[in-house]
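Asker: I would like the atomic coordinates for the input below:
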Amino acid sequence: FSSSLMRKLPNLKCEKCVTARPDPQNVTPQSCGRQLAAVERDGDIVDWKQYEQEISDYFRSEYPTARITPDTKVTGRFSKVDRQLDLLIEDRASDFEFRIVVDGKYRDKRIDVNDVEAFLGLLRDVSAHKGVMISTEGYSQAAINRAHYDDLDLELDILNFKELGQFHAFGAITYAGGHGVLLPAPFGWVIDGTRRKGIVACLYQRGLDLEAAGSAREWMYINFWSKDETASDLESLFKHQEGYLRKQFPGAEIQYADTVKRSDAKTKLRILNVVSYPTPEYTGFVEFEKFIFFCVLFTPKELEKKNLRKLSYILRRVLPLEIKQ
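Answerer: You can find the predicted model right below:
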């Protein structure tokens, strides 16, 4: 939050922490509340260089030990000519070297399947293990399908520079009652501090509002569980939540998986499949000393890998705060 382009947003007053479970099909604003103090960047028009710099800064933070080279060339193993790359990330894990190629499309229209086809060909030509294509305006459904069903690891992401809406921010201090967190927004997304029932804050792609994000079935919300006799740790919280989940959704499938590792807190990922839900519900948990933070993700299947990375980003970076009443 150190950028010179950031400014303070007004605080939202809080009456109490809301713990009701929100309906993913109904996310209209409500009068219940919490408080959110946030920072945002000015909505100035940005040029290609600023777009390129933001992409570079993000990947440098995600791969701090990697060799990252912007605007470079690599000779293709099939074409035998130099291929221009927007960003090349190279690193080593044990005896394995990996190469990621990032391509930024700064256009005023959505990327179509032909662009994805061309990028997949480039990735294979330069022996990349993974590709990330970033667009300002998104992708056609054909482009999303082409990337998802190819056997090469390709993520399609969006970095939109439209002006932020009211109560939108790239980072926020969100709190309910005596518990709070320093919450970072994942790449290309914003934090929305509008008051809604059962939600401390929600996150979705910049340039959208929650209604549009809900229609796209691609958004997250966060909440807190204050440790008490009912649930004093992750295991007891899972048992408690499973009880009412199975009453509400008798045929639901519930699975648990490992997620990011932290030295200061326990973490876990829950996957909930409900017939009436259009997408699976992924919930990431971080157990702090006095409360448990959780973030719920809804995502289309074709964008699952990309958005689970965004959820992991939050779980890895969220920090607890004590709010004195």
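Asker: ok, and what's touching the host helix or strand of Asn307?
Answerer: Taking DSSP states H and E as the definition, Asn307 sits inside helix 304-317. Contacts made with helix 304-317 from outside it, assessed by Cβ atoms under 8 Å, 6 or more residues apart in numbering, are listed as 62, 155-157, 183-184, 186-187, 189, 203, 218, 220, 259-260, 262, 267, 269, 280, 282, 284-286, 295, 297, 299. No exception for glycine: its C-beta is placed from N, CA and C like everyone else's.
Asker: at 7 Å instead, please
Answerer: Defining contact as Cβ atoms under 7 Å, 6 or more residues apart in numbering, one finds that helix 304-317 is touched by 155-157, 184, 186-187, 189, 218, 220, 259-260, 262, 267, 282, 284, 286, 295, 297, 299.
Asker: now swap in stretch 104-112 and tell me
Answerer: 48, 51-52, 55, 86, 115, 133-140, 142-143.
Asker: picking that back up, chain center to the helix holding Asn307: distance?
Answerer: Remark: helix 304-317 is offset 5 Å from the chain centroid, using Cα atoms, centre = their mean, to the nearest Å.
Asker: which parts of this structure are helices?
Answerer: With DSSP state H as the criterion, the chain has helices at 48-62, 113-125, 141-149, 210-215, 234-248, 304-317.
Asker: which residue, neighbours along the chain excluded, lies closest to Val260?
Answerer: Once its chain neighbours are removed from consideration, Val260 has its nearest residue in Arg316; the separation is 4.5 Å (Cβ to Cβ, 6 or more residues apart in numbering).
Asker: what is the burial count for that neighbour?
Answerer: Neighbourhood size, Arg316 [other Cβ atoms under 10 Å]: 16.
Asker: if I look at it, how far off is Lys310?
Answerer: Relative to Lys310, Arg316 is positioned 11 Å away (Cβ to Cβ, to the nearest Å).
Asker: make a PyMOL selection of the buried ones in the contacts of stretch 104-112.
Answerer: Selection of the buried residues among the contacts of stretch 104-112 in PyMOL, burial being defined by 16 or more other Cβ atoms under 10 Å:
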select buried, resi 51+52+55+86+115+133+134+135+136+138+139+140+143
